[in-house]
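Student: model the following, please.
(chains A and B)
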Amino acid sequence: MFALTPQTRKKLRRFRQIKRGYYSFLILLGLSALLACGELLINSRALVVSYQGELYFPTYGDFHPGTDFGLDYDYETNYRDLQDRFDEADEGNWVLLPLVPYNPYENNAAGGVFRPQPPSAASQHYLGTDTTSRDILARLFYGTRIALLFALGFTLSVYLIGIAIGCAMGYFGGVFDLILQRVIEIWSNVPFLYMVIIIFSVIPSTVAVPTRIGILLLVMVLFSWTGMTYYMRTETYKEKARDYVAAARIIGASNTRIIFRHIMPNVLSTLITFMPFTVVAAISAITALDFLGFGLPVPTPSLGELLKQGTANLRTAPWIVISAFGTLVALLTLVTFIGEAIRESFDPKTFSVYR
Amino acid sequence: MKKTLYCLLFSLCVAGCGESSQEPTDIAASADGLAGVTAEVEAYYAANPDFFSFKTPADLPADLVWENNNHLPEIGSPDAVKGGTQNAALQDFPRTLRTVGPDSNGGFRTYLLDDTGMTMAHVHPETRDLYPGLAESWAIDEAARTVYVKLDPAARFSDGEPVTADDYLFMFWFYRSPYIMAPWYNNFYSTTYTNITRYDDHTISITTRELKPDLDERVLLLRPIPQHFYTDMGDDFSERYQWEFEPTPGAYIIRPEDVRKGRSIALTRNKDWWAKDKKYWRYRFNPDRIQFTVIRDDAKTFEAFKRGDIDQFGLGLAEYWYEKLPDSDPDIQAGYIHKVMYYNQRPRPNFGLWINTAQPLLSDREIRLGINYATNWELVIEKFFRGDNTRMNTGQEGFGDFTHPTITARTFDISKAQAHFAAAGFTERGADGILVNDQGQRLAFTLSTGYESLRDVLTILREEAAKAGLDLRIEVLDGTVGWKKVQEKQHDIFFTAFGVFLELYPRFWEHYHSDNAYDRAFLDDGSVNPERKLKTQTNNLESFAILEMDQLIERYRRSNDRDDMIQLAHRMTELHHEHASFVPGFYQGFFRIGHWRWLRYPEGFSHKHAQGPGETFVHWIDTDMKAETEAARRDGTRFDPFIRVYDQWAE
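Tutor: The predicted structure is shown next:
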């Protein structure tokens, strides 16, 4: 069903012509690729260790205790120290560290006390450190990755529920539509923030961090799918009256088949148009929740947490807020540009201008 | 932020004390409760003749030695000038102006009662002796566990009514009344005292149940409740008096027109205050008005302070003292803002990790010992607090002789921690470096806290504990939610502290008695009751239940011999240390502030037992200096920088 029809090809061509959106898309694609293999770029674990003629690749997989490399401790090796040690000993062992040799959790106080350090290439803290001397670049990087994944998960779930229910409402109409509309109206008036606060106060803390993030996602989806249904409902109402739907029905196609195989492709443009803006909404929401302290559990790296730190240290550590704010603006701008371009290229009125 | 912390500590403590909600002795709860309560009060006095006695001055024992401690040093400076407005910030608007009942334990209570109210006598901030407040003199009869008091006939409430013996009798009725909805007060005032006798309008005696070394303080720190104000008591007490300011014998009143809910509130100096010329009181409570504005965000409060909108700011956290207001700051260097650090000596809030021994795994002492060795407080103190704070060694720090002299906290030691974890069966490290036992169980616990401002401490502990193979999952909760969690005993490990008052000896019953851990923890033969259930809503956060401790606590409570109590306290501290259910954290042996130069303190002022600079209200606002400073800021005139550390009380 998603085979490229001439129409789709035309839309894609048009999308490519809108340079701003197209380049934004390419940049975001590149960024996602970088984020996907982030462990190779920003990590406290070394890429390669050559010790006594043997090669180790610690990035992925189990941790290597210090004893593996002739150190006197059995917790995770500090590869930065290891590198210094190998260099000093000069016995042919070597360590290849990632570009930024810090992970987002470790407190690495260069000056002896935990406090924000300004950006410095010498210490490889390219964006400085936060209030407990954690590397800001690492926290931003992994924070962005979590935010993007979160946004992706959010968008997919919201679409799944929104489309299914919206289409059903439009297609079946009548009492079903009437009742569900009322239910949605009531549901969408439940204050979302309070629900997040309440739900998080009763979740037992024994729940692991990824599960907690999952629950947060679930709560947000539960309160966000309603918006989508309105558009799908009206679109489906419109399409339902068309002849091809009547034809399909006469042939004996089932309701599910009609909705998902016949009506859906025809309302796809509406869907895709909204997608980037849903992503923007998700990123903003997770950032805002973190800023308020109800988002991702501590010490998960997050944009909102960095923003909060930044605003509390505006005078003494402006680099925190600059990095966090800059990243957020860049990310949201990229996605918004893509969204505009998609909207324009999927618009049947070719010559309308949205600039 | 420090202020918030203290407020929180305070509310924690007071809220936390209400563990046993025994019904007060039979009070006939009136059906409608709205008619005047006088009849009800009288009936209550008559129904409890053992407690409320009425005698004549002739009945006073003849051999009483009346004292009034008029020889103590004055408090404050004769240079202090009355007048001016002090500007301050509140993080939250007070939820009520009541001083008792629901929501009344907030931080603003300090300004309603604790620091501004008056009791019969007060503890001198330098000598720890009692100096007279509402009492003219007092006499102590230790054998009878009784304190006799002559109230000052001049004493007046702020509405002009005299303070009399009746207000003290009424106080007992009031605090025992179910209307106030305060179980802790109900219990305390029903069990601690056994009698109050009225001799005449200004003479009373109060008897305590047990003779304690601090008998005088137990009685003389009681405050009067104005009977003429609480005429209509009933089930609607908490709503009826929600925004009513109780007449006070103290210097500051709150006028209804100054209560702008959610935004600001102001204290106004009572110019006809009865004690304004009394020794110990005359140089204090100087500003005419203390204006509190609600600013919810600490960072904003600090900016307001830097602008001069707020006169003083607590610089307790290292980031403020060293980074945000460093000695090199232009306002400091120009002498506009003064930076002062005061060392003090007083019981310390017991910051540390409270391990719930009722949880699986944590019931194993080896694991708890391992946790003790796996928490790197030294690093927190050195790198986060920049060496300013001090490691606590026990849960009872700052009580002088009562604090154990030799026990030291276990220091961070990975190999010792691992040895203890290994003894508990955790020998192998998993793929992520966390220890696992042969059943595949990870050595992971939740470390919760209600202190948002101290979350960084926990993240540091977590990183360090991982080196020893211990996974601490951090959970930063809202203060109230966190408190609820520990009160329900749902926590694994909780990071908190209880506020400690300036008391002579530490309390053990609240935290370590099995009565507060389980319903019937032990059987009659002393063995552990297999069917015991966790007891919630108590301050025994460690679910600490050891029979020997119970016996010691009971002896300690009954003891009236100081040396004996010290021995017992030491033994109990040792037991607690051996049990390893508490990881002592840190304490701050000082407080430090920044203030604009027009807010003045007496020369060389540093009270030994003070908790904060404003506690005794010895400061004053120099309005001329304020005008001068503001002019100087405009035209760039500079003064001498003023950065001082008063370390005469450093420990």
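Student: in stretch B:161-175, which residues are buried?
Tutor: Across stretch B:161-175, burial judged by 16 or more other Cβ atoms under 10 Å in any protein chain shown covers B:162-175. For glycine as for every other residue, the C-beta is placed from the backbone atoms N, C-alpha and C.
Student: before we move on, what about stretch B:564-576?
Tutor: Buried residues in stretch B:564-576, defined by neighbour count with 16+ other Cβ under 10 Å: B:565-566, B:568-573, B:575-576.
Student: element containing the closest residue to residue A:152 other than its chain neighbours?
Tutor: Nearest residue to residue A:152 in three dimensions, chain neighbours excluded: residue A:279, at 7.5 Å (Cβ to Cβ, 6 or more residues apart in numbering or on different chains). Element membership for residue A:279 (DSSP states H and E) is helix A:264-292.
Student: that helix packs against which elements?
Tutor: Judged by 3 or more Cβ pairs under 8 Å, 6 or more residues apart in numbering or on different chains; DSSP states H and E, helix A:264-292 is in contact with helix A:136-172, helix A:209-222, helix A:226-240, helix A:303-312, helix A:318-346.
Student: how about the last one against chain B, any contact?
Tutor: Think helix A:318-346. No - Helix A:318-346 lies apart from chain B when judged by Cβ under 8 Å from any Cβ of the partner chain; the minimum separation is 11.2 Å.
Student: and that helix, how far out from the chain middle?
Tutor: 13 Å (Cα atoms, centre = their mean, to the nearest Å).
Student: now swap in the longest one and tell me
Tutor: With Cα atoms, centre = their mean as the basis, helix A:136-172 stands 8 Å off its chain's centre.
Student: now the angle between helix A:209-222 and the helix or strand following that helix, please.
Tutor: Of the helices and strands lying after helix A:136-172 in sequence (DSSP H and E), the nearest is helix A:174-187. Using axes from the mean of the first three to the mean of the last three Cα atoms, to 10 degrees, one finds that helix A:174-187 and helix A:209-222 are set 120 degrees apart in direction.
Student: low pLDDT regions in chain B?
Tutor: For chain B, the stretches with pLDDT under 70 are B:1-35.
Student: which neighbouring elements make contact with the longest helix seen in it?
Tutor: Longest helix of chain B, by residue count under DSSP state H: helix B:562-579. Here helix B:562-579 touches helix B:547-558, going by 3+ Cβ pairs under 8 Å, 6+ apart.
Student: what does the helix it packs on contact?
Tutor: B:210, B:508-509, B:512-515, B:521-522, B:526, B:565, B:568-569, B:571-572, B:575-576 (Cβ atoms under 8 Å, 6 or more residues apart in numbering or on different chains).
Student: how about a cut-off of 6 Å?
Tutor: Outside helix B:547-558, the residues within contact range by Cβ atoms under 6 Å, 6 or more residues apart in numbering or on different chains are B:508-509, B:512-514, B:522, B:526, B:568, B:571-572, B:575.
Student: repeat that for stretch A:90-98.
Tutor: A:41, A:43, A:46-51, A:79, A:82-83, A:86.
Student: buried subset of those residues?
Tutor: When the contacts of stretch A:90-98 are checked for burial by 16+ other Cβ under 10 Å, the buried set is A:43, A:46-47, A:49, A:51, A:79, A:82-83, A:86.
Student: sorry, back to before: next, format the helices and strands packed on helix A:264-292 as JSON lines and append mean neighbour count and mean pLDDT.
Tutor: Below are the helices and strands packed on helix A:264-292 laid out as JSON lines (neighbours: other Cβ atoms under 10 Å in any protein chain shown; pLDDT from 0 to 100):
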{"stretch": "helix A:136-172", "mean neighbour count": "21", "mean pLDDT": "92"}
{"stretch": "helix A:209-222", "mean neighbour count": "17", "mean pLDDT": "84"}
{"stretch": "helix A:226-240", "mean neighbour count": "20", "mean pLDDT": "89"}
{"stretch": "helix A:303-312", "mean neighbour count": "23", "mean pLDDT": "90"}
{"stretch": "helix A:318-346", "mean neighbour count": "19", "mean pLDDT": "91"}
